[in-house]
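[1] Generate coordinates for the sequence data below:
(chains A and B)
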2 protein chains.
Amino acid sequence: MERQNIFTILARDGHARRGRLSTAHGTVETPVFMPVGTVGSVKAVCPADLKDVGAQIILGNTYHLYLRPGDELVARRGGLHRFMRWDGPILTDSGGFQVFSLNELRRLGEEGVEFRSHLDGSRHLFTPEKVVSIQRNLGSDVMMVLDECPPGGSDRDYVARSLGLTTRWARRCREAYPAGAGEQHLFGIVQGGIYEDLREESLAQLAGIGFEGYALGGLSVGEKKADMYRILAHMGPRLPENAPRYLMGVGTPLDIVTGIENGIDMFDCVLPTRNARNGTLYTSQGKVNIKRAEFREDDSPLDPACSCYTCRTFSRAYLRHLYVAKEILSFRLNTIHNLRYFLDLTARARTAIEAGTMAALKAEIAAAYPEDGA
Amino acid sequence: MERQNIFTILARDGHARRGRLSTAHGTVETPVFMPVGTVGSVKAVCPADLKDVGAQIILGNTYHLYLRPGDELVARRGGLHRFMRWDGPILTDSGGFQVFSLNELRRLGEEGVEFRSHLDGSRHLFTPEKVVSIQRNLGSDVMMVLDECPPGGSDRDYVARSLGLTTRWARRCREAYPAGAGEQHLFGIVQGGIYEDLREESLAQLAGIGFEGYALGGLSVGEKKADMYRILAHMGPRLPENAPRYLMGVGTPLDIVTGIENGIDMFDCVLPTRNARNGTLYTSQGKVNIKRAEFREDDSPLDPACSCYTCRTFSRAYLRHLYVAKEILSFRLNTIHNLRYFLDLTARARTAIEAGTMAALKAEIAAAYPEDGA
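    Modelled structure (predicted):
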């Protein structure tokens, strides 16, 4: 019994879809970019900033929130929305990706994955049932199933065995949270590495279980860009038509428009926020490293095409000064701008799909970010 | 020829004065607290935040801005106001205090003070004329003379000789910027350590030169609190009646109301901003260390008596979580609150002076901060 009508497609341009996702905390216009709020805060910005830059839905990391401040504490505070004072939709990952990134600190079995906290070394076990329970405590609008995400260089045999485990875990998540059990949505995660047939097999198994949405996981994890784009082109259009499609942890502006072109509706990535803190800024003219000496006396706005608070208010010379002087304000102003760039990009994609001009938008982004096509 | 009417006294309560200072960037209602914007940014907050918390005038540090990004660069950007996009008044110190804090890195002579940059070890000379020139480049509304600030433990002979140098330097600053030379005000700095007679001597010499305002320097630099309060009580009321009086780099909430009680009009201190970043927050109930375990599950606002964005929006539990997780947002939310506390305190003092209730306000602050009276 799948929930009906959580996702509506309003317009199409080729495989690209202009859609609308319903959640308990409001609707999300897609394609959408979701800023990453790892530990209950999108780093360096506040909820009012997020509204200002046009964020509709943000992401929280189950692994981090489980360890600190703890999902049960968050539940007692009324859930993650109330705790961090973000009243829009929230998607939480399952924690699997973070746990698998721990490498020597984790041990995988049929039951789940045992790991040691990166904070204090304490031992923990994530099972499919446990990560659903954590995400219910957090009260996110979209929960993700626990999956195993094999690294980009994994061989075919490993990936084939792994996707079976991901399917069995996905089924246990679904059983722990049957469709219609509550207002939260549960999304499945398609694995299968860079192998079209394994990806199709994974999708078929997940679709057989039935989820409110489907994600492509295990991309942008070390494989070649050409492999990622090949899988995206193959799988994007094959994901279930009437459900939202989410490309996890991806990516650059060009990756995002490429995803949209292949029918993806939802994106998240730490690039805009992490790069903001490193002084790398996304503009209509491509990437800019704000610490470059050429900006010392540049009184123009960072991006004349941008209407964010940073670009409306400050000069490149001042932004460079703040960055070089390691002023805390630099993190926020840069983050506001980069988030606005990614949110504007998906907003422009929505308009482009309605107008049938996605190809032109993609060509523009490919020209502004030539280095990202490689 | 002293400029007329830059300062008007609107009401009195004992020695306390409710005044109004005119500057090229607007009027300042006094008593006033001035947030410290060391390197062209009040750390962790933006100009809009400063307006929101009620800042009227902010401080810039000549030493830091001279070294980076450089006063000439700032001048080419149209001055510090335009560079940092703060359109209210700005006071700049002379850089002397920072240079003297360098200890082994500086050498004092009649001509000025030679020092090495804490950033790259390069050699520089601050003379009275140079620091006026720097402050004219910055375009601050209130400039301070170069002074020597002897440490709290200095013996009487040293302090006596030092204040003579401070007077000679003050005269050279005045000659470099005669009264009425421009729209900027120039304030003299009274030294003399913890010796009433030396303080009076310093004041008499400075008043003989004539400045737009008078500061008490060399307090809260390591001397006993009782000595500071004794000098404050002795000198506050003796400072020229019709000019603004500024207590430099001081202090705690109790120090500030004590200063006001003794006729001081202007204050600056890094306490609210620096302590915010250390998790120490000022509230109507006294100082709070936000990382304390008791706040883990505390859903109440940090200070129910406060109307800042932080207190209106977030719980103690969330603020504690942000601080413990070292989230950047913690710095900003804590800074917003602490600045609001200090700005509210001076706003309340203005009202209290008009109502003749300064004694009650001081008693309230002394009760909330018993540790600060020691």
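
[2] pLDDT weak spots in the stretch 1-150 of chain A?
    Where the stretch 1-150 of chain A drops to pLDDT under 70, the residues are A:1-4.

[3] what are the ranges of the helices in it?
    Across the stretch 1-150 of chain A, reading from the start of the chain, the helices by DSSP state H, counting those that start in this stretch fall at A:47-53, A:62-67, A:71-76, A:80-84, A:96-101, A:128-138.

[4] I'd like those helices written out as JSON lines, with distance to residue B:57 and mean neighbour count added.
    To be clear about C-beta, it is placed using only N, CA and C from the backbone, and glycine gets the same treatment. Output for the helices of the stretch 1-150 of chain A, formatted as JSON lines (distance: least, CB to CB, whole Å; neighbours: other CB atoms under 10 Å in any protein chain shown):
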{"stretch": "helix A:47-53", "distance to residue B:57": "25", "mean neighbour count": "18"}
{"stretch": "helix A:62-67", "distance to residue B:57": "41", "mean neighbour count": "24"}
{"stretch": "helix A:71-76", "distance to residue B:57": "41", "mean neighbour count": "18"}
{"stretch": "helix A:80-84", "distance to residue B:57": "34", "mean neighbour count": "23"}
{"stretch": "helix A:96-101", "distance to residue B:57": "46", "mean neighbour count": "21"}
{"stretch": "helix A:128-138", "distance to residue B:57": "44", "mean neighbour count": "23"}
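
[5] quick one, which of the ones you listed is nearest to residue B:142?
    With distances scored as CB to CB, the stretch of the helices of the stretch 1-150 of chain A nearest to residue B:142 is helix A:47-53 (32.3 Å).

[6] Just say helix, strand or coil for the residue of chain A most remote from its centre.
    Distance from the C-alpha centroid of chain A peaks at residue A:297, with 36.4 Å (CA atoms, centre = their mean). When states are read from DSSP: H, G, I helix; E, B strand; the rest coil, the local structure at residue A:297 comes out as coil.

[7] Could you find the closest non-adjacent residue to the residue nearest to the spatial centre of chain A?
    Nearest residue to the geometric centre of chain A (CA atoms, centre = their mean): residue A:268, 1.9 Å. Distances taken as CB to CB, 6 or more residues apart in numbering or on different chains put residue A:34 closest to residue A:268, at 4.2 Å, once the chain neighbours are dropped.

[8] Look at the one you found and say how many residues are nearby.
    Applying other CB atoms under 10 Å in any protein chain shown, we find 25 residues neighbouring residue A:34.

[9] Same check on residue A:171?
    The burial count for residue A:171: 17, using other CB under 10 Å.

[10] Quick check: it touching residue A:208?
    No: if you go by CB atoms under 8 Å, residue A:171 and residue A:208 don't touch, sitting 9.1 Å apart.

[11] Which among the helices of the stretch 1-150 of chain A is found nearest to residue A:362?
    helix A:47-53 (22.7 Å).

[12] Quick check: which ranges of the stretch 201-350 of chain A have low pLDDT?
    Segments of the stretch 201-350 of chain A classed as low confidence (criterion: pLDDT under 70) are not present in this model.

[13] Enumerate the residues of it near chain B.
    Counting by CB under 8 Å from any CB of the partner chain, the residues of the stretch 201-350 of chain A lying close to chain B are A:296-297, A:299, A:309, A:313-315, A:317-318, A:321-322, A:324-325, A:327-329, A:331-333.

[14] Filter those residues down to the ones in helices?
    The members of those that map onto helices under DSSP state H are A:309, A:313, A:317, A:318, A:321, A:322, A:324, A:328, A:329, A:331, A:332, A:333.

[15] What subset of these is buried?
    Among these, those scoring as buried are A:309, A:317, A:318, A:321, A:322, A:324, A:328, A:329, A:331, A:332, A:333 (criterion: 16 or more other CB atoms under 10 Å in any protein chain shown).

[16] Turn the ones in helices among the residues of the stretch 201-350 of chain A next to chain B into JSON lines, including distance to residue A:50.
    Formatted as JSON lines, those follow (distance: CB to CB, whole Å):
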{"residue": "A:309", "distance to residue A:50": "12"}
{"residue": "A:313", "distance to residue A:50": "18"}
{"residue": "A:317", "distance to residue A:50": "27"}
{"residue": "A:318", "distance to residue A:50": "23"}
{"residue": "A:321", "distance to residue A:50": "26"}
{"residue": "A:322", "distance to residue A:50": "21"}
{"residue": "A:324", "distance to residue A:50": "27"}
{"residue": "A:328", "distance to residue A:50": "18"}
{"residue": "A:329", "distance to residue A:50": "17"}
{"residue": "A:331", "distance to residue A:50": "15"}
{"residue": "A:332", "distance to residue A:50": "12"}
{"residue": "A:333", "distance to residue A:50": "15"}
